[in-house]
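Asker: Next come a sequence and a model predicted from it.
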Amino acid sequence: MTILVTDTGFTADTWDQGYTPFGEAANDVVSIDVPADTNPADIKITPTLKMVRIDFPSFADGRGFTIARMLRLAGYTGRLRAYGHVISDQYAMARRTGFDEVEIHQDLAARQPQEQWKFRSDWKDNDYQDRMRG
Amino acid sequence: MYTYNDFDKSFIATRNAQFRDQVERRIDGSLTEDEFKPLRLMNGLYLQLHAYMLRVAIPYGTLNGGQMRQLAFIADKWDKGYGHFTTRQNIQYNWPELRDVPDMLDALAKVGMHAIQTSGNTIRNVTADHFAGASADEIADPRPVAELIRQWSTDHPEFQFMPRKFKIAITGSPNDRAVTRAHDIGLRMVEKDGEAGFEVIVGGGLGRTPMIGKVITDFLPQEDLLPYLESVVSVWNQIGRRDNKYKARIKITVHEHGIEEIRRLVDERFAIVKGSFSGIDQVRLAEYKTHFAAPDFVVKSEAVFKDAYHSDPIFRSWADTNLSAHKADGYSIVSISIKKHGDTPGDATSDQMRLMADLAEAYGHNELRISHEQNVILPHVHKSDLPALHAALKEQGLATANIGLISDIIACPGMDYCALATARSIPIAQEIATRFDDLKLEHDIGNLKIKISGCINACGHHHVGHIGILGLDRAGVENYQVTLGGDHTETAKIGDRAGRGFEAHELVPAIERVVDTYLALRTDKDEEFIETYRRLGLAPFKAALYPEAQADAA
């Protein structure tokens, strides 16, 4: 079991259609699992694609933030999820780079309960990027 | 100078509250040590050899008297009454307690300062020409742009967990005093057909694999700067190596992929990223330029200066060595040496900081700068105030007349503080400075940059020293390698390794032999060490360093 984190805290997972591994995705794929070493330009944004889940093998590996941002800039508007070792201190970064939600394992959820995630749900505030981009 | 607005203040207050919370969550176990480490690093907190070290940013090296006084207050209240100015325009406190650090950060916030991204795998404190806004040779003041970069890079959500650190430096003068060619990105302000822009240099760096940066674009229009920087960093964040931290810096990425391929990838990304900037950054830039408007320079008699210059040889020697040409008539740029012979390069006591703050307010339009050469600059002083300023500096041991000379040494903290060091740097710097002071030779020797690193990571910039010294560990004994002919300016060059290293007790005599060789071989007093070296190459200096090899060959 994994835990889903959104701005309101912990919830049960609401996605029940599974994921196709990135390398096996066909043109009508609905949801894909994207490894951290993926070139974002290689991700095909098709009309059927509803969910992209990007892996964070370690919280110290920030490639997923770039993949998310590039996907959004390429026009992807479906669900975007960070999955794996993302810590609560990174929640604002995930939201700001375009993720909708974070999926974590139970041991991490036990160590970092939802109050610690909600502490960062104010990610829209105090954002220099807002001021630089308009 | 830039003054914080309500947004900046709110940002810093929130950030400090987050860090205070992170410290508590480390203690209660919510954060593992591994997880806490990058969080403390991105807030400037290192764990060193003996204690924590807090590295505070002095963005683009600019601060005012009130800020300098607060740095002194922090040194007294939470440290041991001194601080250490670094080569990247930071100040380091070497002895803070972890529990005090959140309070130290709040004390910094009171004067519009912080320690954000002075460490960690983030975009670091942006550095700039320490003579910016004052120098006679400047095209434009780089600090408004540097402030724009500071805001863009601060807490940038995409760039907090990168392959490694990322350093940006900017100069507005053709005479490069910001070491732009040894940064991950170096920016040189240029003009083309009357339009302002930048030459962008990428992939420079020192460390164990020194590289001179390569020009990725020779003219970037001013309004494209942030999206272009973002594209470079984004490409590197994606493809930079994460398997080996010694191959993670962008200099290796550029080396492995080639500058043409990196340019192609960056251009491709820029085409996408550019659209996410509305242009509001240029409106802000125009506003920030007003923050950095030149002070109201006064016109008054220089008679007091001329009298002192002619009647007081100590003042004259200091004026000849420590003053630089100012753009305004009657003014000078004053470099205050934090390199008194025998003292630790870059260390200033709280009393010295307070004096410099007072003097900046009294004589310097309330501005100070920190140079990458670990000295403090008063950028705007009228010549008539120089005798009084000099007299005051003498009282606190701050009137050493050695800027640019052999005792004006860059040295990393070395084994006296640093967990990475393999040898001591500070005592070597002290011995060299003291020796040449005893010989009373340094003014005759003239401009000569010695730079000392206590390990291969090269924080002391030894690769680009005219004489570079690298301290290593050879089977438990400190051993010092000498490089010659390095250059940190617009004509940047990595120095040549001379040969086998020297033990600590052999080193100062070896440096003396190099200097004696220069004095014997220079065409005249106007030919500086680096010019003689360029003319003659390594051979005569190598012969002087290793006389035994000559004897063997004979």
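Answerer: Sure, I can see it.

Asker: switch to C-alpha atoms for all contacts and neighbour counts from now on
Answerer: Will do.

Asker: nearest residue to B:Ile511 other than its sequence neighbours?
Answerer: Nearest non-adjacent residue to B:Ile511, counting by Cα to Cα, 6 or more residues apart in numbering or on different chains: B:Leu545, 7.8 Å away.

Asker: show me what contacts the one you found?
Answerer: B:498, B:510-511, B:513-514 (Cα atoms under 8 Å, 6 or more residues apart in numbering or on different chains).

Asker: before we move on, what about B:His114?
Answerer: So B:His114 contacts B:12, B:56-57, B:105, B:108 (Cα under 8 Å, 6+ apart).

Asker: Who wins on neighbours among the contacts of B:Leu545?
Answerer: B:Val514 (21 neighbours; other Cα atoms under 10 Å in any protein chain shown).

Asker: Using the three-state scheme, assign the nearest residue to that one once chain neighbours are set aside.
Answerer: Of all residues not flanking B:Val514 in the chain, B:Phe541 sits nearest, at 5.6 Å (Cα to Cα, 6+ apart). Judged by DSSP: H, G, I helix; E, B strand; the rest coil, the three-state class of B:Phe541 is helix.

Asker: Same question for B:Ala348.
Answerer: strand.

Asker: isn't it right next to B:Asp76, touching?
Answerer: No: applying Cα atoms under 8 Å, one finds B:Ala348 not in contact with B:Asp76, separated by 11.9 Å.

Asker: what does chain B put close to chain A?
Answerer: Proximity of chain B to chain A (Cα under 8 Å from any Cα of the partner chain) is limited to residues B:7, B:10-11, B:14, B:29-31, B:35, B:38, B:151-152, B:154-163, B:234, B:237-238, B:272-273, B:276-281, B:284.

Asker: Narrow those to those that are buried.
Answerer: B:11, B:30-31, B:35, B:38, B:151-152, B:154-163, B:234, B:237-238, B:273, B:277, B:279, B:281 (16 or more other Cα atoms under 10 Å in any protein chain shown).

Asker: Residue of the stretch 351-500 of chain B nearest chain A, please.
Answerer: Among all residues of the stretch 351-500 of chain B, B:Leu420 sits closest to chain A, at 21.2 Å; criterion: Cα to the nearest Cα.

Asker: Pull the number of nearby residues for B:Leu355.
Answerer: B:Leu355 has 21 nearby residues by other Cα under 10 Å.

Asker: what's it in contact with, if anything?
Answerer: B:393, B:396.

Asker: is it true that it lies in a helix?
Answerer: Yes: assessed with three-state DSSP, B:Leu355 lies in a helix.

Asker: Any figure for the gap between it and B:Lys542?
Answerer: 44 Å (Cα to Cα, to the nearest Å).

Asker: do the same with B:Leu54
Answerer: 41 Å.

Asker: all strands for chain A, in order.
Answerer: Secondary structure of chain A (DSSP state E): strands at A:2-6, A:9-11, A:20-21, A:31-34, A:51-56, A:79-84, A:101-105.

Asker: what's next to the third one, contact-wise?
Answerer: When you say that, I think you mean strand A:20-21. Contacts of strand A:20-21 (Cα under 8 Å, 6+ apart): A:29, A:31-34.

Asker: now do stretch B:68-81
Answerer: By Cα under 8 Å, 6+ apart, the residues outside stretch B:68-81 that reach it are B:82-83, B:93-97, B:100, B:104, B:107-108, B:111, B:349-351, B:353-354, B:356-357.

Asker: so how far is it from its chain's centroid?
Answerer: 21 Å (Cα atoms, centre = their mean, to the nearest Å).

Asker: what's the answer for stretch B:459-478, then?
Answerer: On Cα atoms, centre = their mean, the centre of stretch B:459-478 falls 18 Å from that of its chain.

Asker: mean confidence score for it?
Answerer: Here stretch B:459-478 scores 96 as its mean pLDDT.

Asker: if we can go back for a sec, what separates the residue nearest to B:Val514 from B:Tyr288, distance-wise?
Answerer: 49 Å.

Asker: for A:Thr2, same thing?
Answerer: With Cα to Cα as the criterion, A:Thr2 and B:Tyr288 are 47 Å apart.

Asker: Neighbour count for these two, which is higher?
Answerer: B:Tyr288 (20 against 16).

Asker: Could you pull up the residues touching that one?
Answerer: B:Tyr288 neighbours (Cα under 8 Å, 6+ apart): B:2, B:144, B:147.

Asker: Could you list the buried residues of the top helix by length along chain B?
Answerer: Of all segments of type helix in chain B, defined using DSSP state H, the longest is helix B:6-27. Buried residues in helix B:6-27, defined by neighbour count with 16+ other Cα under 10 Å: B:8-9, B:11-13, B:15-16, B:18-20, B:22-23, B:25.

Asker: cool, and stretch B:293-308?
Answerer: B:305, B:308.

Asker: ok, residues contacting that stretch?
Answerer: B:1, B:133, B:315-316, B:328-330, B:365, B:382-387.

Asker: Look up phi and psi at B:Ile336.
Answerer: phi -90, psi 120 (degrees, to the nearest 10).

Asker: I'd like the strands of chain A as JSON lines, with mean pLDDT and distance to B:Cys459 appended.
Answerer: What follows is the strands of chain A, written out as JSON lines (pLDDT from 0 to 100; distance: least, Cα to Cα, whole Å):
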{"stretch": "strand A:2-6", "mean pLDDT": "97", "distance to B:Cys459": "41"}
{"stretch": "strand A:9-11", "mean pLDDT": "97", "distance to B:Cys459": "44"}
{"stretch": "strand A:20-21", "mean pLDDT": "97", "distance to B:Cys459": "44"}
{"stretch": "strand A:31-34", "mean pLDDT": "98", "distance to B:Cys459": "38"}
{"stretch": "strand A:51-56", "mean pLDDT": "98", "distance to B:Cys459": "32"}
{"stretch": "strand A:79-84", "mean pLDDT": "98", "distance to B:Cys459": "36"}
{"stretch": "strand A:101-105", "mean pLDDT": "98", "distance to B:Cys459": "38"}
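
Asker: Please render those strands as CSV that adds distance to A:Asp130 to the earlier fields.
Answerer: What follows is the strands of chain A, written out as CSV (distance: least, Cα to Cα, whole Å):
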stretch, distance to A:Asp130
strand A:2-6, 21
strand A:9-11, 24
strand A:20-21, 34
strand A:31-34, 28
strand A:51-56, 24
strand A:79-84, 21
strand A:101-105, 20
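
Asker: And those: which comes nearest A:Gln114?
Answerer: In terms of Cα to Cα, the element of the strands of chain A nearest to A:Gln114 is strand A:9-11, at 5.4 Å.

Asker: Next, the buried residues of the closest one.
Answerer: A:9-10.

Asker: just stretch A:70-90 next, same as before
Answerer: Across stretch A:70-90, burial judged by 16+ other Cα under 10 Å covers A:70-74, A:76, A:78-90.
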